Structures are given as structure tokens and as C-alpha cells.
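In: kindly generate the corresponding structure for this input.
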Amino acid sequence: MPTPKQIVETMMTKDFFSQWLGIIVLEIKDGQCKLQLTVRKDMLNGFGIAHGGITYCLADSALAFSSNSYGKQCVSIETSISHTSKVVEGDVLIAEAKELNRGNKIAVYEVNIHNQEGRNVGLFKGTVFITDKVW
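Out: Numbers count the residues shown, from 1 in each chain. You can find the predicted model right below:
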């Protein structure tokens, strides 16, 4: 069985969107992961702040990596996010995913996103379906 690190490395080779975001994997272990990205000018919306999709996509990648870390392929079936503070160009965002519950077919995760000052900028919750396919 591959390790969580090997699984995420395999996922990242085909995850062109996470690559475009510039996501850096800081930590990965069973049911948890920590990701980082730096907000660029091309990620800003018409208000000059980061598009809400940036924090959402960072958290979604954290959900994917943490839920797949056990070796079974998982796909999201429900997600939501609360944007708690604005994000601007140059902000360094850290997303920390942790598993709240994992059953045989369904798992629930929470992802907290904060900036370089430690200020929370987003709270994401995701539910995944655990397939029978192995990595």
C-alpha cells in the first residue's frame, strides 16, 4: 500500500489546477494535511481581493488529499465554505484539513484556512464518498 505522501504525489501529477494555484504540500498523513499557496494578482476579483474560489479550491484540494491518504480513492459529494476575512495579493494561505468522522463509505472533514498573520480567512466543510478503488 502506498504511503499518504506517495498518494498525494501521484494525485498532484495529474492535478493541473492545484499546480496552477501553486499549492505546496507542507504535511500529509492519514486523514490530515496542510497546504500552502501564495495569492497572486491573477487570482484577484474586480474588488482587488482574492476571488472566493481561490480559498475554496485550496480547501477542496486539502479535502481531496486528506481523504485519499488512506489508500482508497475518495470523491467529494458535498462541500461548503464560509469566507471569514478578506484575502489580498501576497497573502500566504495555509489550509489545514482534519478528519471529523470516517465510516466505511462516508467521511467528513473540516478545513481551516488562515493567512500568514494567523488570521482565519475561511472555514470549509466537506463530505466524501469512499470508493472501493485503491491507489
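
In: wait, Pro2 sits on Trp135?
Out: Yes: in this structure, Pro2 is within contact of Trp135 by Cβ atoms under 8 Å, at 5.4 Å. Yep, even glycine has a C-beta here, placed from its N, CA and C like the rest.

In: identify the contacts common to those two.
Out: Taking Cβ atoms under 8 Å, 6 or more residues apart in numbering as the contact rule, Pro2 and Trp135 both touch 10, 71.

In: in the strand ranked longest in the chain, what's buried?
Out: Ranked by residue count under DSSP state E, the longest strand found in the chain is strand 120-134. For strand 120-134, burial by neighbour count (16 or more other Cβ atoms under 10 Å) applies to 121-128, 130.

In: what about it, distance to the chain center?
Out: Its chain's C-alpha centre and that of strand 120-134 lie 8 Å apart, by Cα atoms, centre = their mean, to the nearest Å.

In: strand partners (parallel or antiparallel) of it?
Out: Using DSSP bridges, the strands paired with strand 120-134 in its sheet are strand 72-83 (antiparallel), strand 106-114 (antiparallel).

In: so which of Pro2 and Trp135 has more stuff around it?
Out: Per other Cβ atoms under 10 Å, whichever of Pro2 and Trp135 has more neighbours is Trp135, with 17 against 13.

In: how close does the more buried one sit to Cys74?
Out: As judged by Cβ to Cβ, to the nearest Å, Trp135 and Cys74 stand 10 Å apart.

In: quickly list what's touching both of the two.
Out: Shared between the contact lists of Trp135 and Cys74 (criterion: Cβ under 8 Å, 6+ apart) are residues Asn68.

In: could the buried residues of strand 120-134 go into JSON lines alongside distance to Ala64?
Out: Shown next, in JSON lines, are the buried residues of strand 120-134 (distance: Cβ to Cβ, whole Å):
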{"residue": "Val121", "distance to Ala64": "20"}
{"residue": "Gly122", "distance to Ala64": "16"}
{"residue": "Leu123", "distance to Ala64": "17"}
{"residue": "Phe124", "distance to Ala64": "12"}
{"residue": "Lys125", "distance to Ala64": "14"}
{"residue": "Gly126", "distance to Ala64": "9"}
{"residue": "Thr127", "distance to Ala64": "12"}
{"residue": "Val128", "distance to Ala64": "8"}
{"residue": "Ile130", "distance to Ala64": "13"}
